[in-house]
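[1] I'd like to go over a predicted model; first the sequence, then the structure.
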Amino acid sequence: MNGTPRGVNRVLLALIGLVFLAGGGLMVAVATAPAFAAAWRRQAGRWIQELRDAAGATGVRGGPSWIWLVVAGVLVLLIITMLAWLAAQGRGRTALLVDSYRTGTGPGVAGRVVLQASVAEQAIRNALANRTDLVSATISTYEFRGQTGLKIRLVPRQGAAPEVLAAEVSALVEALESLTGHAVPVVLSLASGARARLTRKERVR
């Protein structure tokens, strides 16, 4: 429901996993295969010598090689990219659930209606606080594609009926909508025990 770039994250995780897998396989091969280890040391020595020769031949006015300047620039760019990637995680959280203006052309009084997200979050959280069939309840507010909605994540105890919880949470949300006069889209997520790590069922209303 939030703005986290999940597709990009999966691709990056897959690439990083492949890099670590290749590095681990290389270290295992070096540690267990003497012939491969000897060939790797010879090849690595040639690469290091070629790098030293290239650095010596590309010095800028007797100073350091421009290759190291390029490497430093790439590292700075990589750091900036990583910071931008971190900033993109979890986007979409908002502090306002409703922010609308009503004109005086129809029935009712003209004016602006602002409802903080914490009002709805705390109301639903308090309504679920004393339930013995819940381990935890997390309510958060997100803005997705220009529309604000609630995400309710429940962790029921073993033996609790998910359909009953879903129906009762839906009733709570309907009561909140009736009280505020605004319909709010809701994503209801139920997770329990080991199934919470393997699967997740979501109900959108």
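    Thanks, I have it.

[2] Just the CA coordinates for the helix or strand harbouring E174, please, in CSV.
    Taking DSSP states H and E as the definition, one finds E174 inside helix 162-180. The C-alpha trace of helix 162-180 is given here as CSV (Å, rounded to 0.1, in the frame of the first residue of the first chain):
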residue,chain,number,x,y,z
PRO,A,162,-10.0,-15.0,10.9
GLU,A,163,-13.4,-14.4,9.3
VAL,A,164,-14.8,-13.3,12.6
LEU,A,165,-11.9,-10.8,13.2
ALA,A,166,-12.3,-9.5,9.6
ALA,A,167,-16.0,-9.0,10.1
GLU,A,168,-15.6,-7.2,13.4
VAL,A,169,-12.9,-5.0,12.1
SER,A,170,-15.0,-4.1,9.1
ALA,A,171,-17.8,-3.1,11.6
LEU,A,172,-15.4,-0.9,13.5
VAL,A,173,-14.3,0.8,10.2
GLU,A,174,-17.9,1.3,9.2
ALA,A,175,-18.6,2.9,12.6
LEU,A,176,-15.7,5.2,12.1
GLU,A,177,-16.9,6.2,8.7
SER,A,178,-20.4,6.8,10.0
LEU,A,179,-18.9,9.0,12.8
THR,A,180,-16.6,11.1,10.5
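
[3] Could you point out the helix or strand that follows that helix?
    Helix 162-180 is succeeded, C-terminally, by strand 186-190 (DSSP H and E).

[4] That next one vs helix 162-180, what angle?
    Our comparison of strand 186-190 with helix 162-180, counting by axes from the mean of the first three to the mean of the last three Cα atoms, to 10 degrees, yields an angle of 150 degrees.

[5] Convert the C-alpha atoms of strand 186-190 to PDB, please.
    Extracted as PDB, the C-alpha positions of strand 186-190 are listed here (Å, rounded to 0.1, in the frame of the first residue of the first chain):
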ATOM      1  CA  VAL A 186      -8.800  -0.200   4.200                       C
ATOM      2  CA  VAL A 187      -6.300  -3.000   3.700                       C
ATOM      3  CA  LEU A 188      -6.800  -5.700   6.400                       C
ATOM      4  CA  SER A 189      -3.800  -8.100   6.800                       C
ATOM      5  CA  LEU A 190      -4.100 -11.200   9.000                       C
END
